[in-house]
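pasting the sequence and the predicted coordinates here, then a few questions.
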Amino acid sequence: MRIEAGYLSRQAAEWFGDAPALTFAGETRSFRAVNEGACRLGSGLLAAGLERGDRVAVLAYNRPELVETWLGLEKHNLVRAVLHSHIDAEAHAWSIDHIDARAVLFDSRLADMIDPSRHPGVRAFVAIGPDAPAWAVPYDQVLAAGSPEEPFVDVDEDAPCFLQLTSGTTGNPKPWIKTYRSWHAVVDHNLHHLDTFGPGTPPVQADDVNLHFHPLQWATGFQTLYPYLLRGGRTVLLDDERFDPDVLLDTIAADGVTGTFMPGPLLTPVLDAVAARGRYEHQLRRMVIFFGTPDLLRRTSELLGPIWAHGFGSSEQGAVTTRLLPSDLDGHPERIESVGRSGSPFFDVAIFDPLSGRRLGPSEIGEIAVRSAMSLGGYWGLEEATREASFGDDWFRPRDVGFLDADGYLYYADRAGDEIRLGDTVVYPHYVEAEIMRHEAVALCGVVGLDEAVVAAVLLKDAGSGTERLEVELRERCAAGGQREPDRVVFVAELPTVLGGAKVQRRQLREQLLTAI
């Protein structure tokens, strides 16, 4: 089927015109202005010598130009490749070369990360923001060379729309191809998810305000940018170079924010800041939480209200695939340990035996598999990885382990391959980390296996509070929660993380501990 590339932003501009669409640093742009900027950006790149179908790597902190870039590349059938600011320059260079990128758009503050990627195959380096390096073209210059007219480009719905690179926790990021069809499935799924947040929460509408404070290039943009755009809601951007919970809370209150995406590890300092204020007035209706814990979810309800959905998903899917709502706990408090059920009727989840490929029944632990139109695609130039990412029959393997209960609720155990095997015993680090994270003194935790031992690396809120007594308390907490006690608890000054602290990199943590212990 043929479709118009990027027609969603054109429709939003036609439907909502001069209504406020995008706010950053106190300035607001209308839907019409954002769409015109997108048209100029895409056509400006074509004027610079790019051709439709070319790959364009994008690396930037949250700012309005990034939104224009997303929309503009999609409109003009230029394939955006999502680079992440937490990944090192060497990995960026590999990705840019692997996808044969013809242009690189980057935040001028990240020029040093892009500099090693300069080679003749890249026709244009475009710097967003002040102080553009001499070897790059300023973003405004590209915009000035473009046209505000709609391109009306028709494409096959199975053509690549953009490349979503994985988070880089298991080696070089892998570029997953999102086709126009699979991308529209993501948007459709997320609209249903946000429209059905629970009793008393209305569907997304024009009076909503959606805040992006975590990298737009990761889940917050993938999951919530388009649904609010298509309903006429206003988007507020906070620069994600630095995270400040008080700035976040002030913005939520001042802008009347009704929705946001929140990584669990960043939720702890946010809730601490809420508690410190004693009273906090807000208009939040929908907070999508990833990597949360039961205690964090309960505390969110206590301090902010039952406004959350605890989500689970993968970079390749691009959406809250399953989600747990506060209303799911009515009469079933045990479900708070789960990551919920399908976020929409358009998504199916199952558990498979990774060795035999057999589909498993309720309460049988195995590898999680998912199936929907969102899964259509493959890794760019990585045929073996693409084959290994499927159980067949279009069942995608996110490489996560868990089980389903009889009511279809998914219980996440860990990343496949991260389990610790001690003889006949299997220890899932995620469960041990969750128990340790329940302690009020703990900011973040990573658990790995070292020399037949389970080692917990613990980052404390108060760096100087690590004592033998606290170590005993953390071990006892694990035992009381039915989890394997760590053989060692190591208090650390920092943990290797990605995505603004959202994930602990266990491979790097293992190397760090081998050096330190």
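Nice, thanks for sending it over.

so after the lowest-mean-pLDDT helix or strand in the chain, what's the next helix or strand?
Taking mean pLDDT, DSSP states H and E as the measure, the chain has strand 497-498 as its least confident helix or strand, at a mean of 76. Counting by DSSP states H and E, the next helix or strand C-terminal to strand 497-498 is strand 503-504.

next one: that following strand to chain centre, how far?
Put simply, strand 503-504 sits 12 Å off its chain's centre (C-alpha atoms, centre = their mean, to the nearest Å).

who does it pair up with?
Counting by DSSP bridges, the strands paired with strand 503-504 are strand 497-498 (antiparallel).

state the distance from the closest residue to residue 157 other than its chain neighbours to residue 2.
Distance criterion C-beta to C-beta, 6 or more residues apart in numbering; nearest residue to residue 157, sequence neighbours excluded, is residue 181 at 4.1 Å. Glycine gets a C-beta too; all of them are placed from N, C-alpha and C. Distance, residue 181 to residue 2, using C-beta to C-beta, to the nearest Å: 11 Å.

for residue 433, same thing?
48 Å.

tell me which of the two has more neighbours.
Set residue 433 next to residue 2 and count neighbours by other C-beta atoms under 10 Å: residue 433 wins out with 26 against 10.

so the more buried one: helix, strand or coil?
State at residue 433, reduced to three classes by DSSP: H, G, I helix; E, B strand; the rest coil: helix.

could I get the pLDDT score of it?
Note on residue 433: pLDDT of 88.

surely it meets residue 447?
Yes - the criterion here is C-beta atoms under 8 Å, and residue 433 meets it with residue 447 at 5.1 Å.

give me the number of residues near the closest residue to residue 1 other than its chain neighbours?
Nearest residue to residue 1, sequence neighbours excluded (C-beta to C-beta, 6+ apart): residue 157, at 4.9 Å. Applying other C-beta under 10 Å, we find 16 residues neighbouring residue 157.

what helix or strand is residue 253 on?
Per DSSP H and E: helix 245-254 holds residue 253.

same for the next helix or strand after that helix, what does it pack against?
Next in sequence after helix 245-254, counting helices and strands by DSSP H and E, comes strand 259-263. Helices and strands touching strand 259-263, as assessed by 3 or more C-beta pairs under 8 Å, 6 or more residues apart in numbering; DSSP states H and E, comprise strand 209-212, helix 219-220, strand 286-290.

now do 6 Å
strand 286-290 (3 or more C-beta pairs under 6 Å, 6 or more residues apart in numbering; DSSP states H and E).

what about the helices in the stretch 301-450 of the chain?
With DSSP state H, counting those that start in this stretch as the criterion, the stretch 301-450 of the chain has helices at 383-388, 429-437.

give me the contact list for the shortest one.
The contact list for helix 383-388, computed with C-beta atoms under 6 Å, 6 or more residues apart in numbering, reads 174, 378, 379.

what are the buried residues along that helix?
Using 16 or more other C-beta atoms under 10 Å as the test for burial, helix 383-388 gives residue 386.

chain center to that helix: distance?
That offset, for helix 383-388, works out to 23 Å (C-alpha atoms, centre = their mean).

pLDDT averaged over that helix - what is it?
93.

could you do stretch 214-225 as well?
94.

quick check: end-to-end length of that stretch?
12 Å (C-alpha to C-alpha, to the nearest Å).

buried sites along it?
The neighbour-count check on stretch 214-225 (16+ other C-beta under 10 Å) flags 214, 215, 216, 217, 218, 219, 220, 221, 222, 223, 224, 225 as buried.

quick check: of those, which lies closest to residue 280?
The closest of the buried residues of stretch 214-225 to residue 280 turns out to be residue 214 (C-beta to C-beta; 19.8 Å).

the closest one contacts residue 220, correct?
Yes - at 4.8 Å, residue 214 counts as touching residue 220 under the criterion of C-beta atoms under 6 Å.

so what's in contact with the two at the same time?
What both residue 214 and residue 220 touch, as defined by C-beta under 6 Å, 6+ apart, is the set residue 261.

can you pick the most crowded of the contacts of helix 383-388?
residue 174 (23 neighbours).

mind listing what that one touches?
Per C-beta under 6 Å, 6+ apart, neighbours of residue 174: 166, 379, 385.

residue 30 - how many residues pack around it?
Per other C-beta under 10 Å, the neighbour tally for residue 30 reads 16.

spatially nearest residue to it (excluding sequence neighbours)?
Spatially, and ignoring its direct neighbours in sequence, residue 30 is nearest to residue 18 (4.6 Å; C-beta to C-beta, 6+ apart).

same deal with residue 76?
Nearest residue to residue 76, sequence neighbours excluded (C-beta to C-beta, 6+ apart): residue 42, at 3.2 Å.

could you do residue 223 as well?
Leaving out its chain neighbours, the residue that sits closest to residue 223 by C-beta to C-beta, 6+ apart is residue 190, at 5.4 Å.

next one: residue 93
The spatially closest residue to residue 93, leaving aside those adjacent along the chain, is residue 117, at 4.4 Å (C-beta to C-beta, 6+ apart).

and the one you found, how far from residue 269?
34 Å.

of the two, who's got more company?
residue 117 (23 against 17).

hang on, that one packs against residue 97?
No - Residue 117 is beyond contact range of residue 97, at 7.6 Å (criterion: C-beta under 6 Å).

shared neighbours, these two?
With C-beta under 6 Å, 6+ apart, residue 117 and residue 97 have no common neighbours.

list the residues that contact residue 496.
Contact partners of residue 496, counting by C-beta under 6 Å, 6+ apart, are 505, 508, 509.

ok, now with 8 Å
Going by C-beta atoms under 8 Å, 6 or more residues apart in numbering, residue 496 touches 446, 504, 505, 508, 509, 512.

so, low pLDDT: which residues of the stretch 401-517 of the chain?
Scanning the stretch 401-517 of the chain with the threshold set as pLDDT under 70 gives 499-502, 516-517.

what is the burial count for the residue nearest to residue 76?
For residue 42, the count of nearby residues is 30 (other C-beta under 10 Å).

so it, which of the three states?
Note that with three-state DSSP, the state of residue 42 is helix.

how near is the residue nearest the centre of the chain to residue 148?
The structure's the chain has its C-alpha centroid closest to residue 219; by C-alpha atoms, centre = their mean the separation is 2.3 Å. In this view, residue 219 and residue 148 are 31 Å apart by C-beta to C-beta.

so who does residue 232 touch?
12, 15, 16, 19, 31, 205, 206.

pull out the buried members of those.
The neighbour count (16+ other C-beta under 10 Å) marks 12, 16, 19, 31 as buried among those.

residue 84: which of those is nearest?
Among the buried ones among the contacts of residue 232, residue 12 lies closest to residue 84 (C-beta to C-beta), at 26.3 Å.

and the closest one, what element?
Under the criterion of DSSP H and E, residue 12 resides in helix 7-16.

returning to that earlier point: show me the contacts for the residue nearest to residue 76.
72, 73, 75, 76, 78, 146, 151.

can you tell me which of those residues end up in helices?
Cross-referencing the contacts of residue 42 against helices under DSSP state H gives 72, 73, 75.

take the contacts of residue 496 and write them to JSON lines, including neighbour count and distance to residue 134.
As requested, the contacts of residue 496 are exported to JSON lines (neighbours: other C-beta atoms under 10 Å; distance: C-beta to C-beta, whole Å):
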{"residue": "446", "neighbour count": "27", "distance to residue 134": "41"}
{"residue": "504", "neighbour count": "24", "distance to residue 134": "39"}
{"residue": "505", "neighbour count": "19", "distance to residue 134": "35"}
{"residue": "508", "neighbour count": "16", "distance to residue 134": "34"}
{"residue": "509", "neighbour count": "21", "distance to residue 134": "39"}
{"residue": "512", "neighbour count": "19", "distance to residue 134": "38"}
